[in-house]
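[1] Make a model of this:
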Amino acid sequence: MPVPASYNDITQDPTLRDFIGWVWYEREVTVPARWITDEGIRVVLRVGSAHYYSVVWVNGVKVTEHEGGHLPFEAEIGTLLRKEPTIPCRITIAVNNTLTLHTLPPGSIQYMNDSTRYSVSVQGAASATVKVTLMDTGGHCVASSNEPSGVLKVADVNLWWPYLMHENPGYLYSLEVRLMAADERSTYEDDFNLIKWLGANSFRTSHYPYAEEILQMCDRHGIVVIDESPGVGIKDM
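    Now for the predicted structure:
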């Protein structure tokens, strides 16, 4: 693994990209002999950042642990190296990237292994219809469905390519989910159509960061966003 790097992002393997938990980094380095013989030299192992919780060993001896992924930390290791001056310096770091309600940013783990929880569903209406449409960059429909769950298949799909690797890089499709629901009094549509029906042209977000797609939709519909600070969950422990 290269350092510095985000190990979740250095391959296309989803098992690594989506991994949450403990990972281990280890390597051996040769320390200059002068560092060992001159006891007046302070030898420090410094970690620029390790997200989020880390435990560090040198030659199998625990030297420090650190919580917080944004700041550097260090440990003095000169005395430890001088105990066994003939062996290489073996550095071992265990890093856990799990976010909790006490970390910054705060987070929680959701195990997305139940496919029925991630289909389109409608609540609070006696009857409702859903239409899902996948559109190309020109706004043309390439696949659609009126079912709340299933698979959309695209013939002759345009793949996403990085810049300089294809004549048409960065190709993106748009997915639109349109809901029509009826109660005892009226029929109404979802999302930004209700804002326009109210005659509104602005809204204030909560302290939780909104999805970028919501902000992009606001740009498309001419809705002004008063964005709150996303520093939710910061408190004295």
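
[2] What ranges in this structure fall below the confidence cut-off?
    Scanning the chain for pLDDT under 70 picks out the ranges 111-112, 114-118, 122, 124-126, 182-190, 208-209, 230-237.

[3] what packs against the longest helix belonging to it?
    Longest helix in the chain, counting residues (DSSP state H): helix 212-221. Using 3 or more Cβ pairs under 8 Å, 6 or more residues apart in numbering; DSSP states H and E, the elements in contact with helix 212-221 are helix 192-198, strand 224-226. C-beta here means a position set from N, CA and C on the backbone, and glycine is covered the same way.

[4] Let me know whether my guess that Lys131 is in a strand holds.
    Yes: counting by DSSP: H, G, I helix; E, B strand; the rest coil, Lys131 is found in a strand.

[5] And the nearest residue to it once chain neighbours are set aside, how far from Ala143?
    Nearest residue to Lys131, sequence neighbours excluded (Cβ to Cβ, 6 or more residues apart in numbering): Arg178, at 4.7 Å. Going from Arg178 to Ala143 by Cβ to Cβ, to the nearest Å gives 14 Å.

[6] Likewise for Trp57?
    Separation of Trp57 from Ala143 (Cβ to Cβ): 52 Å.

[7] Let me see the ranges of the strands in this structure.
    For the chain, the strands defined by DSSP state E cover 22-29, 44-47, 53-58, 61-67, 73-76, 89-96, 127-135, 141-145, 174-182, 187-189, 202-204, 224-226.

[8] Quick check: which of these is buried the most?
    Sort the strands of the chain by mean neighbour count, taking mean count of other Cβ atoms under 10 Å, and strand 53-58 sits at the top with a mean of 19.

[9] could the strands of the chain go into CSV alongside distance to His166?
    As requested, these are exported to CSV (distance: least, Cβ to Cβ, whole Å):
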stretch, distance to His166
strand 22-29, 33
strand 44-47, 38
strand 53-58, 39
strand 61-67, 42
strand 73-76, 42
strand 89-96, 35
strand 127-135, 20
strand 141-145, 19
strand 174-182, 20
strand 187-189, 37
strand 202-204, 38
strand 224-226, 33
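
[10] Which among those strands is found nearest to Ile195?
    Evaluated over the strands of the chain, closeness to Ile195 peaks at strand 202-204, with 6.9 Å, by Cβ to Cβ.

[11] Quick check: the residue nearest to Lys131 touching Cys141?
    No: under the criterion of Cβ atoms under 8 Å, Arg178 is not in contact with Cys141, lying 11.8 Å apart.

[12] shared neighbours of these two, which are they?
    Counting by Cβ atoms under 8 Å, 6 or more residues apart in numbering, the residues touching both Arg178 and Cys141 are Thr133.

[13] just to revisit the earlier point, which among the strands of the chain is found nearest to Ile10?
    Shortest distance between Ile10 and those, using Cβ to Cβ, is found for strand 22-29: 12.0 Å.

[14] What strands line up against that closest one, and which way round?
    Within its sheet, strand 22-29 is paired with strand 89-96 (antiparallel), according to DSSP bridges.

[15] Tell me what angle the partner strand forms with strand 61-67.
    Angle, strand 89-96 to strand 61-67, by axes from the mean of the first three to the mean of the last three Cα atoms, to 10 degrees: 30 degrees.

[16] Now do strand 89-96: distance to the chain's middle.
    Distance, stretch centre to chain centre, for strand 89-96: 24 Å (Cα atoms, centre = their mean, to the nearest Å).

[17] just the helices and strands packed on helix 212-221: most buried one?
    Across the helices and strands packed on helix 212-221, averaging neighbours per residue (mean count of other Cβ under 10 Å) puts helix 192-198 on top, at a mean of 13.

[18] Can you list the neighbours in contact with it?
    With Cβ under 8 Å, 6+ apart as the test, helix 192-198 has contacts from 188, 201, 203, 217-218, 221, 223.
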